[in-house]
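In: turn this into a model:
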Amino acid sequence: MATRTGITTAVANRLADSHQSLFLAAKAEFDTDDIRVWTGNDDLTINSESYIGAGTLLTISDVQEGREVKPEGVSIALSGMDPTVLSYALTENYQNRPIEIFIGFLMGGSNEVAGTLSIFKGRMVNLTVVDTPEGSTINLDAENRLVDLERPCNLRYTAESQEFLFSGDTGFNRMQQLIDKQITWGQETDNITNRDTSEGSRSGEFNIRI
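Out: From the prediction side, this is the model:
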């Protein structure tokens, strides 16, 4: 754990302490604005950004991390929040939008952040809203970024793919011509008739196709 990327000196010192005041926080990036909540009361500042205290209304499933490189998802439930959050859930484009979950350490008895560590980064894939007499509950499923390793890449070394990635780049415009290009190696040839112009055929003729 001590060698994991992203562990600052402040976090390392907290991990070595026998008494901890932990919290979880989630940041979901929508088109209009970000939703930032944490498992405590009042507002909290993380990396110069304000997080709304959701207390026990915010629940996050276990974030699994093992030795094997495989994508593990996570689920977040948020209930009883203000209409703004509900409006984002109902009207915003959320699929494949970034989401990040932090674990953080508080200075004892206060809302001052001693350090945070990102424990999950991924994309939102499914969002449902459940209405009850007590209020609305938003359930959000997210997938780990590692899931991209299991998806086939639809891009190729072609002019069309290069134009899609970098508009105006002509670096692959002659790729199709090179596929059936024949290169004569080790023999003198007539450029017009492709005929041997030497008095005797040379040894070591190679035809290279790329």
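
In: helices and strands around the helix or strand hosting Ala114, which ones?
Out: Assigned by DSSP states H and E, Ala114 belongs to strand 113-132. Applying 3 or more C-beta pairs under 8 Å, 6 or more residues apart in numbering; DSSP states H and E, we find strand 113-132 packed against helix 9-15, strand 44-46, helix 83-91, strand 98-106, strand 135-144. In short, each C-beta sits where N, CA and C put it, glycine included.

In: so in terms of bridging, what pairs with Ser118?
Out: Counting by DSSP bridges, Ser118 is bridged to Phe102.

In: quick check: it touching Ile101?
Out: Yes. Here Ser118 reaches Ile101: they are 7.4 Å apart, a contact under C-beta atoms under 8 Å.

In: of those two, which one has the most company?
Out: Ile101 (19 against 13; other C-beta atoms under 10 Å).

In: identify the residue spatially nearest to the more buried one, adjacent ones excluded.
Out: Phe120 (4.0 Å; C-beta to C-beta, 6 or more residues apart in numbering).

In: low-scoring stretches of the chain, by residue?
Out: The chain contains residues with pLDDT under 70 at 1-6, 8, 10, 13-18, 56, 64-71, 80-82, 148-151, 187-210.

In: kindly report the domain assignment for it.
Out: 9-150, 159-209 (automatic domain parsing).

In: tell me the most buried of those?
Out: Neighbour counts (mean count of other C-beta atoms under 10 Å) averaged over each of these peak at domain 9-150, with a mean of 15.

In: how far away is the spatially most central residue of the chain from Phe120?
Out: By C-alpha atoms, centre = their mean, the mean C-alpha position of the chain lies nearest to Arg145, the distance being 4.2 Å. Counting by C-beta to C-beta, to the nearest Å, the separation of Arg145 from Phe120 is 9 Å.
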